[in-house]
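Peer 1: Give me coordinates for this.
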Amino acid sequence: MRVTRTLRATVGAALTGALLLTASGTASADQTRKDLWPLEAFGAQELWKEATGKGVTVAVLDGGFRTTHQDLTGQFLPGPDFGPATQAEGAEHLDPDEDIRDHGTGMAAIIAGHGHGPGGSEGVKGLAPDAKILPVPEYKNSGQATRWAVDHGADVINMSYGGGLMGDMCESIRYAIEKGVVVVAGVGNDGLSKKNYPAACPGAIGVGAVDQFGEAADSNNFNETLDILAPGVKIPVAMGKSDSGYATRDGSSAATAYVSAAAALLKEKFPELTPGQIANRLVKTAGLTKEEKAKNLKLPDPHYGYGFIQPGPALRKDIPAGPKDGPLPMPKGNSSEAGADKGQDPDPPMGAKEKFMLYGGLGLGALLVVGVIIAIVAVVRRRKNANQSWG
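Peer 2: Residues are numbered from 1 along each chain as shown. As a prediction, the model looks like this:
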């Protein structure tokens, strides 16, 4: 069964006809909206009668942002000044078809894009189109970026990146959870059982990609840090070296953005719920295809987590709030315990250790992080070498 039918069953209508999906590459604005299958799968028009993300701030931690993209004008709040603009530094290393702001712009539009054209009917529209985006450059220090986002009004933090444990990354996520902020992170695109941070930090909702047929993407990293799936295959994104650029990409980054957007919808409707209780609604309403249900999987499954998100049921079902920590691993105890991952003792702080980014696909290589400029160059080279799995 196509995941589009599975997801929309709860809104009383099944999809008819095939979705128009393009191969990975450049797409026109009109085709972009036609290809935006997750909105159709989720029954977005019905969802938006319940919540649109209004009054919710989603911090996107990423490498840069094209705030003037036609699908995102007016959606950005002022971000921090952590140093020189990322576009100015390292630009000489970019592929001619890439922009250092592509990834962050793509994630922001999946979350809160408003489209453009008549009635916003063209381009990328986000799952939470009335949410505001807090753009936070992550490349220098994930812990610093997380704390800044928390202290400047974030309700949800999107972390579409990953690698080794770096500094106080997990402790900063604990700080966010204690302040009532939902943290969402991608598990990575290596197709391996290895863990990546921040998804492995307690408190983070670890996200993998699912395709339009309800199948978990082969590229997902699979282990106990994968909590839930979301659309991350053949996803139209707002990117390119112009304010009207688009492309189609795959990966857990896009899936992470969809979960962040779903969390924003839930935060609007249920502002009193803790991060753990928001996660509980996502987990309790997650779905599996008939084929996967027939396997009698023990959930959470390393490849499927609890299943793919279903924002409609998550918004509408009568679900007891439950314990404040919810069903997923949460930070406990002192700072050293907060640094432990979801299943093992923590790695030592990275310092000058390898850092893997999801920009263009996790695990395609690694560069040594020894300073701000080197970190930026690592992000840029990652994009250049990974056009097939950007997500």
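
Peer 1: Give the helix, strand or coil label for Arg281.
Peer 2: helix (DSSP: H, G, I helix; E, B strand; the rest coil).

Peer 1: Next, count neighbours for it.
Peer 2: 25 (other C-beta atoms under 10 Å). C-betas here are computed from N, CA, C, even on glycine.

Peer 1: Without its sequence neighbours, what residue ends up closest to it?
Peer 2: Spatial nearest neighbour of Arg281, chain neighbours left out: Ala314 (4.6 Å); criterion: C-beta to C-beta, 6 or more residues apart in numbering.

Peer 1: Check the gap between the one you found and Gly276 for me.
Peer 2: 14 Å (C-beta to C-beta, to the nearest Å).

Peer 1: the more surrounded of those two?
Peer 2: Using other C-beta under 10 Å as the criterion, Ala314 and Gly276 rank with Ala314 on top: 26 against 21.

Peer 1: In stretch 158-178, which residues are buried?
Peer 2: 158-166, 168-177 (16 or more other C-beta atoms under 10 Å).

Peer 1: Return the subset of those lying in strands.
Peer 2: Members of the buried residues of stretch 158-178 lying in strands (criterion: DSSP state E): 158-159.

Peer 1: Helix or strand for the residue minimising distance to the centre of the chain, just tell me which one.
Peer 2: Centroid-nearest residue in the chain: Thr256, 2.0 Å away (criterion: C-alpha atoms, centre = their mean). Taking DSSP states H and E as the criterion, Thr256 maps to helix 252-269.

Peer 1: for that helix, packing partners?
Peer 2: Applying 3 or more C-beta pairs under 8 Å, 6 or more residues apart in numbering; DSSP states H and E, one finds that helix 252-269 contacts strand 57-62, helix 102-112, strand 156-159, strand 182-186, strand 204-210, strand 228-231, helix 275-284, helix 311-316.

Peer 1: Quick one: closest of the ones you listed to Lys125.
Peer 2: helix 102-112 (8.2 Å; C-beta to C-beta).

Peer 1: and the direction of the closest one versus that of strand 182-186, what angle?
Peer 2: If you take axes from the mean of the first three to the mean of the last three C-alpha atoms, to 10 degrees, helix 102-112 sits at 130 degrees to strand 182-186.

Peer 1: any idea of the angle helix 102-112 forms with helix 252-269?
Peer 2: Going by the same axes, to 10 degrees, helix 102-112 makes 30 degrees with helix 252-269.

Peer 1: if we can go back for a sec, and Asp325, which of the helices and strands packed on helix 252-269 is closest to it?
Peer 2: helix 275-284 (4.3 Å).

Peer 1: Output the contacting helices and strands for the closest one.
Peer 2: Using 3+ C-beta pairs under 8 Å, 6+ apart: helix 275-284 touches helix 169-178, strand 182-186, helix 252-269, helix 311-316.

Peer 1: could I get these as TSV with distance to Lys293 and mean pLDDT?
Peer 2: Shown next, in TSV, are the helices and strands packed on helix 275-284 (distance: least, C-beta to C-beta, whole Å; pLDDT from 0 to 100):
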stretch	distance to Lys293	mean pLDDT
helix 169-178	31	97
strand 182-186	25	98
helix 252-269	21	98
helix 311-316	16	98
